[in-house]
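Asker: here is a sequence with its predicted model. Questions after.
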Amino acid sequence: VIMAENLSYGLAATLTGHTAAVRAAIFCGSSIATASLDETAKLWTNSGTDRPEWSCSETLKEHTRFIYALAYLPPSETRPLGLIATGSVDKRILVWDPQVGSAGPVMCLTGHADAVCCLSLGINGRLLSSSWDSTARVWNVLNTGDCEQELKGHTMSVCAVKQLSESSILTCSADKSIMRWEEGKNVQTYHGHVDVVRDLEIISPTAFMSCANDGTIRIWSISGSCDRVLHGHEGKYIYSITSIPGGLFASAGEDGCMRVWNQSGLAQTIQLPCVTAWMVQASEEGDLVVACADGHARLFSKSEHRKLPAASQEVQNFQAEVARSKLEEEAESGKIGDLDTKDIQGIESLQQPGKSDGQIMMVKREHVVEAHSWSAANNSWTMLGVVSDAKDTQPPPGWQYFDIELDGKKMICKHKKGENPYMTAQKFLNSNELDQMYLDEVADFVIKNSEAPVLEFGNVQGNVDPLTSGGAYRPGRTTDLKAAPVTKPIEAPFPMTTFTYFTVVKSAGLIKKLKEFNSCVEEFLRISDGNIEKIETIVVSLAEKKEVAVENFETLSTAIKNILLWPEANLFVGLDLLRLSLTQPALRAHLLDNRTPEDGKDILTTLLELSGFDGSKFSGPIQMLALRGLANSFDENGRLMKHGSQIMSAISVPFVAELSKQVLLACATILLNYAVSFHVYGSIEPSLRISCIMGLNNILSHGSQLDHESTLRVLLAMGTLCNDSDSAVALTPVKPLVRNLMSSGDGRVAVAASALAKLL
């Protein structure tokens with residue numbers, strides 16, 4: 001038995017270069033390969049002597065969709081560096097020679113009818129693949145490139161395929177089963193997991209391991225008996241397992257941890273600074289590489305020569321990122337709120353044992369707040385790093401914080417030195433649910449200020465929004481801020497000719513809640529595990545504004561119809577998924593032109609009911625998301641015209657005074673999109689134009705409740721409608737309000753109000 005105290009895996013390297021989640025990471029001899037949702041794979045080589053120094057040597061670009069799978073075929077006479085295979089959502093397997101990777105793949109394998117989600121090495125240089133199409137395949141890569149076997153028998157996605165022995169292959173599936181195959185035929189089926197089986201690992205020709213969404217790892221005998229069941233990822237999905245030389249193995253999962261196991265059980269838990277650890281693989285030396293959802297792959301080692309010194313900058317940064325990640329996770333789960341150091345106990349509290357493995361506790365050491373994690377295996381607390389979110393601490397090493405003020409709200413933009421400023425800006429927009437229109441400005445601000453050597457508090461004058469010359473950004477933590485130049489004269493921002501949609505989404509949070517609620521509803525309303533995985537890919541595509549494949553439309557449509565029948569407390573997840581789906585034109589048409597089979601309702605009717613326009617009362621989030629869904633339903637087909645009178649009559653009555661700011665923003669956006677429809681496509685009923693103006697007047701008259709974004713959208717709608725005398729007369733009652741807004745602190749509002757005042 002290998003005792004836990006002999007284990008001491010530590011960070012050896014962070015492989016940084018991908019721009020989206022890393023889904024796979026493997027060892028390729030002395031190199032490492034990674035694959036990502038950014039549609040690329042990368043090869044990494046170690047050029048260090050005294051200490052490892054990893055750098056990207058090749059970027060493999062040919063796939064047109066996310067890359068989920070990697071495999072390494074060892075060197076041969078014709079391929080001295082071996083071959084690397086990549087599998088993608090584009091249904092293709094590409095085979096690359098590392099010597100000429102940039103020249104493109106040397107082979108393309110086609111045949112799978114859906115995403116390729118797993119690749120592994122077979123016997124005699126064969127390549128094994130599995131797919132969402134419910135099959136696995138065996139390919140002769142070294143000679144013909146032909147598919148020699150197609151393994152059919154599972155009823156849902158095949159998540160993994162592994163060579164058990166010279167004559168046997170194992171597959172596991174979203175149908176919760178494991179199958180053993182010989183000569184292309186299913187000879188045995190293993191049952192025990194109660195959820196999607198994610199990965200397999202071979203122990204010997206007569207034994208293997210499996211892990212699943214049910215939060216367990218099972219050790220099986222080839223005879224069919226399950227000899228052991230292990231728990232350790234807090235009941236969350238376990239995505240990957242790998243054997244480590246010496247009788248150990250490691251696992252990775254949705255708890256953002258890599259866990260190392262020995263024959264006694266859990267031996268070491270390594271918390272990662274990400275929501276999900278997608279894959280872990282061991283090298284012949286026992287090092288571990290982990291594919292992380294935060295866009296990095298991380299290398300860990302037990303070797304004192306290969307792992308980084310505890311005092312190194314990279315290890316300190318890693319610990320700080322872990323502390324921040326856990327803090328944010330705890331905050332999102334409602335376990336903690338904003339930290340105030342006066343409420344945090346001293347280091348003496350570390351004398352008490354933790355309540356569960358992985359528990360996070362914050363303690364105060366003088367004026368510094370530290371995060372510590374409890375290790376049940378070691379029976380001790382391990383320091384993760386300094387909690388920079390506490391009110392009297394500074395950013396961790398390698399980070400800068402900027403105060404940014406938008407729409408009267410002050411927010412912190414967190415920038416990691418060396419990170420692409422556009423990635424920083426996108427994370428800032430997502431975390432604060434801001435409109436995508438701010439991306440360039442925030443990125444430009446980060447570019448201009450990220451090199452400031454000292455961060456100090458103070459009021460800064462003259463920082464001008466380059467689009468409006470208004471003070472949209474007023475950071476208080478820079479030492480020398482220059483005004484961004486105004487490169488072109490300000491023009492009237494209307495008439496608007498394009499629709500405004502709600503596009504921002506926290507994809508990880510949406511998927512997390514979808515899985516959580518799906519497990520709680522009645523069986524007949526649940527979405528299958530295989531379809532949950534497909535929806536996860538669809539959500540990421542939509543969040544990144546990529547096209548969703550037509551063959552996935554019906555999967556998403558059926559799922560949304562099911563979710564709209566969930567209890568009201570869980571309904572907001574489905575509405576948010578629907579709202580996001582409506583941002584893509586082809587998908588919008590598919591969703592809005594189909595009725596739900598249960599009662600013949602179409603999506604628009606359902607959204608109207610949930611928005612409260614028929615007098616129904618729903619919770620604030622339900623109403624807000626239903627209204628956002630309506631706003632995203634506008635296009636040139638004019639489907640909402642027939643509902644215009646009902647919607648605008650509701651917005652025109654005093655109930656607006658009772659609405660939240662978020663609901664008012666959604667109402668303003670709906671009216672703005674109606675104004676665009678009237679301007680671009682004309683109106684069958686002229687009276688709708690006046691009703692729209694009355695609704696806009698009603699919203700603007702409650703200015704104390706409006707934020708700058710809602711005010712701006714109302715002004716843009718008014719300006720778009722104000723192209724005839726009748727409209728100008730109808731807008732007369734709000735003329736004083738418009739003039740007052742000419743001096744707004746938000747530059748965009750001031751410009752729009754000034755331009756509108758000239759038309760009235």
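Answerer: Noted; the coordinates are in hand.
Asker: in the chain, which helix or strand is least confident?
Answerer: When each helix and strand of the chain is scored by mean pLDDT, DSSP states H and E, helix 725-730 comes last, with a mean of 69.
Asker: and the helix or strand just after that one, which residues are buried?
Answerer: Downstream of helix 725-730, the first helix or strand assigned by DSSP states H and E is helix 735-740. For helix 735-740, the neighbour count (16 or more other CB atoms under 10 Å) marks 737, 738 as buried. C-beta coordinates here come from the backbone N, C-alpha and C atoms, glycine included.
Asker: hmm, who's touching helix 735-740?
Answerer: 700, 701, 703, 715, 718, 753, 756, 757, 760 (CB atoms under 8 Å, 6 or more residues apart in numbering).
Asker: for the second one, which residues are in contact?
Answerer: Just to be clear, that refers to residue 701. By CB under 8 Å, 6+ apart, residue 701 lies in contact with 734, 737.
Asker: give me the pLDDT value at it.
Answerer: What the model reports for residue 701 is a pLDDT of 77.
Asker: hmm, back to that, just the buried members of the contacts of helix 735-740?
Answerer: For the contacts of helix 735-740, a burial check counting by 16+ other CB under 10 Å picks out 700, 701, 715, 718, 753, 756, 760.
Asker: can you tell me the SS state at the closest residue to residue 292 other than its chain neighbours?
Answerer: Spatially, and ignoring its direct neighbours in sequence, residue 292 is nearest to residue 274 (4.3 Å; CB to CB, 6 or more residues apart in numbering). Three-state call for residue 274 (DSSP: H, G, I helix; E, B strand; the rest coil): coil.
Asker: for residue 274, grab the count of nearby residues.
Answerer: Residue 274: 23 surrounding residues under other CB atoms under 10 Å.
Asker: residue 318 versus that one, what's the distance?
Answerer: To residue 318, residue 274 is 11 Å away according to CB to CB, to the nearest Å.
Asker: where along the stretch 451-600 of the chain do the helices fall?
Answerer: With DSSP state H, counting those that start in this stretch as the criterion, the stretch 451-600 of the chain has helices at 507-518, 529-543, 553-563, 571-581, 585-592.
Asker: again, but for the stretch 651-760 of the chain
Answerer: Counting by DSSP H, counting those that start in this stretch, the helices of the stretch 651-760 of the chain are 661-681, 687-700, 708-721, 725-730, 735-740, 747-759.
Asker: what about residue 58, which helix or strand?
Answerer: Here residue 58, judged by DSSP H and E, is contained in strand 54-61.
Asker: state the mean pLDDT of that strand.
Answerer: In this model, strand 54-61 carries a mean pLDDT of 93.
Asker: next: stretch 43-51.
Answerer: The average of the pLDDT scores along stretch 43-51 is 85.
Asker: so how far does that stretch reach from one end to the other?
Answerer: Stretch 43-51 has an end-to-end distance of 19 Å (CA to CA, to the nearest Å).
Asker: what does stretch 356-365 give?
Answerer: Taking CA to CA, the first and last residues of stretch 356-365 lie 23 Å apart.
Asker: that stretch: how far from the chain's middle?
Answerer: Centroid separation between stretch 356-365 and its chain, computed with CA atoms, centre = their mean, to the nearest Å, is 26 Å.
Asker: nearest residue to residue 727 other than its sequence neighbours?
Answerer: In space, residue 727 is closest to residue 721, 5.0 Å off (CB to CB, 6+ apart).
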